[in-house]
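Engineer: What shape does this take:
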Amino acid sequence: MAAHWETAMRRTTPAVRGIVARLYGYDERTDGPSRRDEMPTHRATIIIELGPPLQVDGLERAAGRGCEGGFASGLSEAPVRTEHDG
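Structural biologist: Numbers count the residues shown, from 1 in each chain. Alright, predicted model coming up:
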């Protein structure tokens, strides 16, 4: 299966630097479905989706399994599985 992964990072503006350390962006494309376990972290994460929604283990929306538009995750002690259709 072919896959494409591109990332970008930048520092935040001084107005939010005490709250938000960095901004990361990524673009992921695959020829088919993809599934992975996201490891626990000591940071909060906010995902803003601009493409097809991720499916996140344990998180369901009224319209289906996807997290359309994005989601936030807090600190965790166990991995969380994420999936997308490609």
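Engineer: how many neighbours does Pro53 have?
Structural biologist: Here the number of neighbours of Pro53 (other C-beta atoms under 10 Å) works out to 19. C-beta coordinates here come from the backbone N, C-alpha and C atoms, glycine included.
Engineer: ok, the lowest-mean-pLDDT helix or strand in the chain: who's next to it in the sheet?
Structural biologist: In the chain, no helix or strand scores lower on mean pLDDT, DSSP states H and E than strand 70-73, which sits at a mean of 76. Take DSSP bridges as the rule and strand 70-73 pairs in its sheet with strand 45-48 (antiparallel).
Engineer: And the contacts of the partner strand?
Structural biologist: Residues from elsewhere that reach strand 45-48 (C-beta atoms under 8 Å, 6 or more residues apart in numbering): Leu54, Cys67, Gly69, Gly70, Phe71, Ala72, Ser73.
Engineer: average pLDDT across that strand?
Structural biologist: Mean pLDDT, strand 45-48: 82.
Engineer: Run the chain-centre distance for the helix or strand following it.
Structural biologist: Following strand 45-48 in sequence order, the next helix or strand is strand 55-56 (DSSP states H and E). Relative to its parent chain, strand 55-56 has a centroid offset of 9 Å by C-alpha atoms, centre = their mean, to the nearest Å.
Engineer: Could you measure from the residue most central in space within the chain over to His84?
Structural biologist: Nearest to the mean C-alpha position of the chain, counting by C-alpha atoms, centre = their mean, stands Ile47 at 4.6 Å. Counting by C-beta to C-beta, to the nearest Å, the gap from Ile47 to His84 is 12 Å.
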